[in-house]
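Undergrad: With the sequence up front, the predicted model follows.
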Amino acid sequence: MNIVILAAGQGKRMQSSIPKVLHPLAGKPMLGHVLDAVSLLSDAENIQPCVVIGHGGEAVQQYLLKHYPKTRVALQNEQKGTGHAVIQGLNQQVSEVITLVLYGDVPLIQTQTLKQLLDIASDGVLALLTQHVNNPTGYGRIVRNLNGEVVQIVEEKDADALVKKITEINTGILACPTQELNHWLAQIEPNNTQGEYYLTDIVSLAANAYTPIRTTTPTFDWETQGVNSRAQLALLERVYQGYLAQDLLDLGVTIVDPARIDIRGSLECEPDVFIDIGCIFEGSVRLNTGVRIGPYCQIKNSTIDAGTQVHAFTHIDGAKIARDAVIGPYARIRPGAQIADQVHIGNFVEVKNADVGKGSKANHLSYIGDATVGEGVNIGAGTITCNYDGANKHRTVIEDGAFIGSDTQLVAPVRVGKNATIGAGTTLTKDAPAQKLTISRTKQASIDWQRPIKNKLRNDQ
């Protein structure tokens, strides 16, 4: 099978220097969504999709090289219409198979719908994906004869009043044998108000040649919605987020307001997960049974195990959080953090590249970076692991049962022994032995002293 994805349009209405197909929807460029749908087809491993690039082609090509290296590209130097673009994409393609034509700015086409289309595109059949809509304005109309057979597609700008009343529209997505497609493409002419080579003109050519033309419809109405402006992109974003939220609701997840959740990647949830308003999930996130996510949290590429509570305004990125932990509010858990069972990480606490053992607590205003914290450790407010010497990172080790007093600085590399106590206000530069109190403070003194006062301004100043 050949797959040609048209992605050469400039997208003037986007008002952007970024190529239209690279604008993100649900956290991924629109073109990426299309390629993902293709990748799930049964014989995808043997397919090298061809993306037809034009405006901003270098940026599109760089994206493809990084994320979809098996994808081929074809350049459409001049924007002469969809028919001309497909011709560029079919150069050096296999002619004995079916060709599937897709669009980089129609991002939410589903794999199941493509399978339906390909199932009917056999034995010399031209298969079209069509749709009935209440308001067909702006779309090409599917014209059928008295027998219900498709005979023509008429674009909106070329349609008369009678044709404009037709509510069955052309989505642009089609599949057919490549030999026939090449034959029809060679015959189309730019005889239209746009002066372009319309791909849709192959339909009348196929009908005149008595080629069977069959149609199917998408599973969801939003699958074929194209994006030509930021307003359309925003509307489609909310439609798709609603679909993703509905999937989670059906799996037993509580979402306080499905209109106020953003999933920019994959969110896997077990039953009885609770998600409050305004939360953003990026990359790959898994929430296990009974996890509760408070309002306005941002969670990226992380796993949170059963029973854990994440309070409001917490950011979690690249972390693993075990069972029955309490995180936040206003906590920041950064990449490399591994939080064990029943750990408490409180307000304005940052954890980075650190293992925090079972039952340990850091409830207030602390930084734990490049550290190994044992079980049952208490870390007082204002504690800092001083892990960076200006050139290299160093590790702090706090063993089981240690008590770290408030406003302590642990200058790494340093180790706090088992059940050790570090007095409040200590700057620890050497290892603290187990079972003992370690403290570093200057001796408290009271001195006679006059506090400075402000000079009174003179009247003439």
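TA: Here it is on my side, so go on.
Undergrad: quick one: the strands in the stretch 351-461 of the chain?
TA: For the stretch 351-461 of the chain, the strands defined by DSSP state E, counting those that start in this stretch occupy 355-356, 361-364, 367-369, 371-373, 378-379, 384-386, 396-398, 403-404, 409-411, 414-416, 421-422, 427-428, 437-438.
Undergrad: other SSEs contacting the first one?
TA: Packing partners of strand 355-356 (3 or more Cβ pairs under 8 Å, 6 or more residues apart in numbering; DSSP states H and E): strand 338-339, strand 371-373. Heads up, the C-betas are built off the backbone N, CA and C, glycines and all.
Undergrad: now for the strands of the stretch 351-461 of the chain, which one comes closest to Ala306?
TA: strand 355-356 (17.7 Å; Cβ to Cβ).
Undergrad: What pairs with that closest one, parallel or antiparallel?
TA: strand 338-339 (parallel), strand 371-373 (parallel) (DSSP bridges).
Undergrad: Would you pull up how far it lies from the middle of the chain?
TA: For strand 355-356, the separation from the chain centroid amounts to 28 Å (computed by Cα atoms, centre = their mean, to the nearest Å).
Undergrad: the helices in the stretch 201-350 of the chain, which residues?
TA: Secondary structure of the stretch 201-350 of the chain (DSSP state H, counting those that start in this stretch): helices located at 201-208, 230-250.
Undergrad: where among those helices is the average confidence lowest?
TA: Out of these, helix 201-208 stands lowest, with a mean of 93 (criterion: mean pLDDT).
Undergrad: count of neighbours near Asp257?
TA: 12 (other Cβ atoms under 10 Å).
Undergrad: Same question for Lys436.
TA: Counted with other Cβ under 10 Å, Lys436 comes out at 12.
Undergrad: Now do the contacts for the spatially closest residue to it that is not a sequence neighbour.
TA: Nearest non-adjacent residue to Lys436, counting by Cβ to Cβ, 6 or more residues apart in numbering: Ala420, 6.0 Å away. By Cβ atoms under 8 Å, 6 or more residues apart in numbering, Ala420 lies in contact with Glu399, Ala402, Phe403, Ala432, Pro433, Ala434, Gln435, Lys436, Leu437, Thr438.
Undergrad: what's near enough to touch the first one?
TA: Glu399 makes contact with Gly374, Val377, Arg415, Val416, Gly417, Lys418, Asn419, Ala420, Ala434, according to Cβ under 8 Å, 6+ apart.
Undergrad: now do Thr314
TA: Counted by Cβ under 8 Å, 6+ apart, Thr314 has contacts Gly294, Cys297, Gln298, Ile327, Gly328, Pro329, Tyr330, Ala331, Arg332, Ile333.
Undergrad: make it 10 Å
TA: 279, 293-299, 327-333, 345, 347, 349 (Cβ atoms under 10 Å, 6 or more residues apart in numbering).
Undergrad: which regions of the protein lie under the pLDDT threshold?
TA: Confidence mapping of the chain against pLDDT under 70 gives the ranges 43-45, 457-461.
Undergrad: Quick check: can you list the domain ranges of it?
TA: 2-224, 230-438 (automatic domain parsing).
Undergrad: Redo the contacts of Ala420 as a markdown table? Include distance to Gly54.
TA: A markdown table is the format used below for the contacts of Ala420 (distance: Cβ to Cβ, whole Å):
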| residue | distance to Gly54 |
| --- | --- |
| Glu399 | 62 |
| Ala402 | 63 |
| Phe403 | 65 |
| Ala432 | 65 |
| Pro433 | 70 |
| Ala434 | 69 |
| Gln435 | 72 |
| Lys436 | 72 |
| Leu437 | 72 |
| Thr438 | 68 |
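Undergrad: And the residues you listed, which of them are buried?
TA: Buried subset of the contacts of Ala420 (neighbour count, 16 or more other Cβ atoms under 10 Å): Glu399, Ala402, Phe403, Ala432, Thr438.
Undergrad: In JSON lines: those, plus distance to Ile321.
TA: Below are those laid out as JSON lines (distance: Cβ to Cβ, whole Å):
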{"residue": "Glu399", "distance to Ile321": "22"}
{"residue": "Ala402", "distance to Ile321": "22"}
{"residue": "Phe403", "distance to Ile321": "23"}
{"residue": "Ala432", "distance to Ile321": "28"}
{"residue": "Thr438", "distance to Ile321": "30"}
